[in-house]
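>>> All I have is the shape, not the residue letters:
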């Protein structure tokens, strides 16, 4: 019977899901700032099982999924470093997946982290989906977060956000994100990201109209569309000759 289990990868706890039957692809799941766990989410469980997606979700603490340390993720390793250098190779090896057989996705801060990492490493993460991504996380700079330990100023923080890591010619071929219209403080960041991608001629799928008053309700509502997008992108990548 398929179930979640907690393993350790390079000293970091990771929640791992393996579906029943043959595994088609892998999903790297990045948690939101509050570290909402996918483990007890029956809806997410059913979607993973339906699409036969194996999933790894690092237990990260209140990280922003960047290359900078100081957010309490690990004493000697950044959250980004763990994802790229340790968790991804582990997934490819454990499930015998092709080099472009893992998608990356997340919610909130995890959603912006997924976009950011896919923009920085499009060959490693060619398929990305982000639900209500907190793209402009520099707005939390003066709040009670680790950002002031990680960056010297709000502007330095802004320069490290996903939108500032888009390369005009090297980008993931499959990009999906959606922003909750009921959360205007985060919705505007998604809208700006959409405008920048459109201006660069970078194809992407975006939903800026759907809304839900409660963030959890929005995540639940949008995951089916995100999963369909992820599977479609992974299937296309699996047919690539080079």
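Received it, and whenever you're ready, just let me know what you need. Worth saying up front: this structure is predicted, and the values here are computed from it rather than measured. Numbering: from 1, shown residues only.
>>> Is it correct that residue 234 is in contact with residue 129?
No - between residue 234 and residue 129 there is no contact under Cβ atoms under 8 Å: 10.8 Å. C-beta coordinates here come from the backbone N, C-alpha and C atoms, glycine included.
>>> Please identify which of these two sits among more neighbours.
residue 129 (30 against 24; other Cβ atoms under 10 Å).
>>> Now that one. Its backbone dihedrals?
The phi and psi values for residue 129, taken as degrees, to the nearest 10, are phi -140, psi 130.
>>> anything in contact with each of residue 234 and residue 129?
With contacts defined as Cβ atoms under 8 Å, 6 or more residues apart in numbering, the residues shared by residue 234 and residue 129 are residue 103.
>>> State the pLDDT value of residue 41.
Predicted confidence (pLDDT) at residue 41: the value is 89.
>>> so how far is residue 169 from it?
37 Å (Cβ to Cβ, to the nearest Å).
>>> Of those two, which one has the most company?
Neighbours per residue (other Cβ under 10 Å) separate residue 41 from residue 169, with residue 41 holding more: 17 against 6.
>>> okay, now residue 112: neighbour count?
With other Cβ under 10 Å as criterion, residue 112 counts 32.
>>> can you point me to the longest helix in the protein?
helix 215-238 (DSSP state H).
>>> by contact count, what packs against that helix?
Here helix 215-238 touches strand 25-30, helix 42-51, strand 53-58, strand 102-107, strand 127-131, strand 174-178, strand 205-207, going by 3 or more Cβ pairs under 8 Å, 6 or more residues apart in numbering; DSSP states H and E.
>>> Of the ones you listed, which shows the lowest average pLDDT?
Among those, helix 42-51 scores lowest, with a mean of 93.
>>> can you state the direction angle for that one and helix 215-238?
10 degrees (axes from the mean of the first three to the mean of the last three Cα atoms, to 10 degrees).
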